[in-house]
Each structure stands twice: as structure tokens, then as C-alpha cells.
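Enquirer: Can you look at this prediction? I've put the sequence above it.
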Amino acid sequence: MKVQRIERFSIPITGSRESLSFDGGTTVRTLKRALNKLPLDGKIQLDYSQIIVMHVHDDIEVDGE
């Protein structure tokens, strides 16, 4: 039996509207730093308040049925 291994990463995104000032929110520097730590072949999904990255590994062979 083969089992697919998937890693899921999420990066929260906040904007200045949520903090009601221009001092808050996610910066480009923070976003780039977070993205640089993720696998390069990960697939990106956008949500309202986060970026989700899914990384699918090769199937794992499992003894059994």
C-alpha cells in the first residue's frame, strides 16, 4: 500500500485595515522571509487571511494490505 505524504504550511496575512493604522500589517520583508523557508515546489493556495503552501512528497511504501 502506498501512502502519500503531504506537508501543509500557512503564513498569516494581516493588513493595516485590521489594525486601523498604517503601522500594522504584514510587511514584504516578513513575507519574503517566510516564503524563503518553504519548499520551492510547494503549491500555493490563497485564503482571505493566509497563504497556504502544500508540499506533496513521493509516496511511502507501507507493508500490509
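Expert: Good, I have the coordinates.

Enquirer: which other residues reach stretch 33-43?
Expert: Outside of stretch 33-43, the residues within contact range by CB atoms under 8 Å, 6 or more residues apart in numbering are 7, 9, 11, 53-56. (Each C-beta comes from the backbone N, C-alpha and C, glycine too.)

Enquirer: now the end-to-end length of that stretch.
Expert: Taking CA to CA, to the nearest Å as the measure, stretch 33-43 stretches 17 Å from start to finish.

Enquirer: what about it, average pLDDT?
Expert: Per-region confidence: stretch 33-43 scores 92 on mean pLDDT.

Enquirer: what about the strands in the chain?
Expert: Using DSSP state E, the strands found in the chain span residues 2-3, 6-12, 43-46, 50-56, 60-61.

Enquirer: Check the contacts of stretch 33-43 and tell me the two furthest apart.
Expert: The two members of the contacts of stretch 33-43 with the most space between them (CB to CB) are Ile11 and Val56, at 18.3 Å.

Enquirer: So between those two, which is more surrounded?
Expert: Ile11 (17 against 13; other CB atoms under 10 Å).

Enquirer: can you pull the contacts of the more buried one?
Expert: Applying CB under 8 Å, 6+ apart as the definition, the contact partners of Ile11 turn out to be 31, 34-35, 50-51, 53.

Enquirer: Buried subset of those residues, written for ChimeraX?
Expert: Selection of the buried residues among the contacts of Ile11 in ChimeraX, burial being defined by 16 or more other CB atoms under 10 Å:
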select :34,51,53
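
Enquirer: Distance from the longest helix along the chain to the middle of the chain?
Expert: Among the elements of the chain assigned as helix by DSSP state H, the one spanning the most residues is helix 28-36. With CA atoms, centre = their mean, to the nearest Å as the basis, helix 28-36 stands 11 Å off its chain's centre.
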